[in-house]
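> got a predicted model here, sequence first, then my questions.
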Amino acid sequence: MFTTQQFDVFTQDGLDVRMEGIRSTIQPLFHQIYEEVGPQLEADVGIPLYLHVAKHARRTVNPPKDTWMAICHDKRGYKKHPHFQVGLFDDRVFIWLAFIYEMPNKAAIAERLMQVDVKSAFPDFHIAGDHMKKEAFLLDDMSEEAIDTILHRFKDVKKADFLIGRQLPADASILQNEAAFLALVEDTFSRLTPIYRDLVL
């Protein structure tokens, strides 16, 4: 599914060159992933969902350090809503349910997320507090206090995010097995669907 070809895109210098690599090498994979997992996710959620592929349109000089696809219920855009993501940096793939800082009702959503015992429900998942950075933490290794700190920061800090899901290193064998990887994406999204439904429907 993913090979060194996709990860090597992020070693290319220059905005135009890297964007061409993203468009030609990575974005076709995003469409393929959506075609495979989108129908089941839509059935699980129970409402129409739409694919959004990151355009990086705001960039004029610095090339992107990562890229992603997003799936959500709003055809016009995803950043103001909870959304499912698959994407990659130069050294990892991420599969997230993402709540990013552009959401207008962050505080209310943070309060509802605080009612979820994420460590018990998703011990094998990671969480992160900044979608622009690679740093993520395995829930099974975290204290309740550390989890609360990330959620409170999401609530109180304007630029803070909250992401929950999985990260895979670029050399993970599952990334070379299309069926296994798609099954992992589907499983990740399926387990997170109740949270999405609770916050969207």
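Looks like it arrived, so ask away. If you're wondering where the values come from, they're calculated on a predicted model, not measured in any experiment. Residues are numbered from 1 along each chain as shown.
> use CA for all of it now, contacts and neighbours both
OK.
> and the helices in this protein, which stretches?
4-8, 15-21, 27-45, 106-113, 118-121, 144-156, 178-200 (DSSP state H).
> would you tell me which of these gets closest to K55?
Smallest distance to K55 across these (C-alpha to C-alpha): 8.8 Å, for helix 15-21.
> want to try a markdown table for the helices of the chain, with mean neighbour count and mean pLDDT as columns?
What follows is those, written out as a markdown table (neighbours: other C-alpha atoms under 10 Å; pLDDT from 0 to 100):
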| stretch | mean neighbour count | mean pLDDT |
| --- | --- | --- |
| helix 4-8 | 15 | 95 |
| helix 15-21 | 16 | 93 |
| helix 27-45 | 16 | 96 |
| helix 106-113 | 17 | 94 |
| helix 118-121 | 14 | 96 |
| helix 144-156 | 17 | 96 |
| helix 178-200 | 16 | 96 |
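> CSV for these, including distance to L88?
Below are these laid out as CSV (distance: least, C-alpha to C-alpha, whole Å):
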stretch, distance to L88
helix 4-8, 8
helix 15-21, 13
helix 27-45, 11
helix 106-113, 25
helix 118-121, 24
helix 144-156, 22
helix 178-200, 13
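> can you tell which of those is closest to I127?
For the helices of the chain, the distance to I127 is smallest for helix 144-156, at 8.5 Å, taking C-alpha to C-alpha.
> which one of the helices of the chain lies nearest to L97?
When these are compared (using C-alpha to C-alpha), the closest one is helix 178-200, at 6.9 Å.
> just how off-centre is that closest one within its chain?
11 Å (C-alpha atoms, centre = their mean, to the nearest Å).
> likewise for stretch 93-107?
8 Å.
> one more: stretch 149-161?
Worked out by C-alpha atoms, centre = their mean, stretch 149-161 lies 17 Å from the chain centre.
> ok, now stretch 119-126?
Its chain's C-alpha centre and that of stretch 119-126 lie 16 Å apart, by C-alpha atoms, centre = their mean.
> run through who's touching it.
Residues outside stretch 119-126 that contact it (C-alpha atoms under 8 Å, 6 or more residues apart in numbering) are 136-140, 142, 144, 164-167.
> and those residues, which two are the farthest apart?
The distance between the two most remote of the contacts of stretch 119-126 (C-alpha to C-alpha) is 20.6 Å, for E144 and Q167.
> ok, so of the contacts of stretch 119-126, who is nearest L113?
Out of the contacts of stretch 119-126, the member with the shortest distance to L113 (by C-alpha to C-alpha) is I164, at 10.9 Å.
> find the nearest non-adjacent residue to that closest one, please.
I127 (4.4 Å; C-alpha to C-alpha, 6 or more residues apart in numbering).
> just to revisit the earlier point, can I get the contacts of stretch 119-126 in a markdown table with distance to N177?
Putting those into a markdown table (distance: C-alpha to C-alpha, whole Å) gives the following:
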| residue | distance to N177 |
| --- | --- |
| A136 | 24 |
| F137 | 25 |
| L138 | 23 |
| L139 | 26 |
| D140 | 26 |
| M142 | 30 |
| E144 | 35 |
| I164 | 23 |
| G165 | 19 |
| R166 | 17 |
| Q167 | 16 |
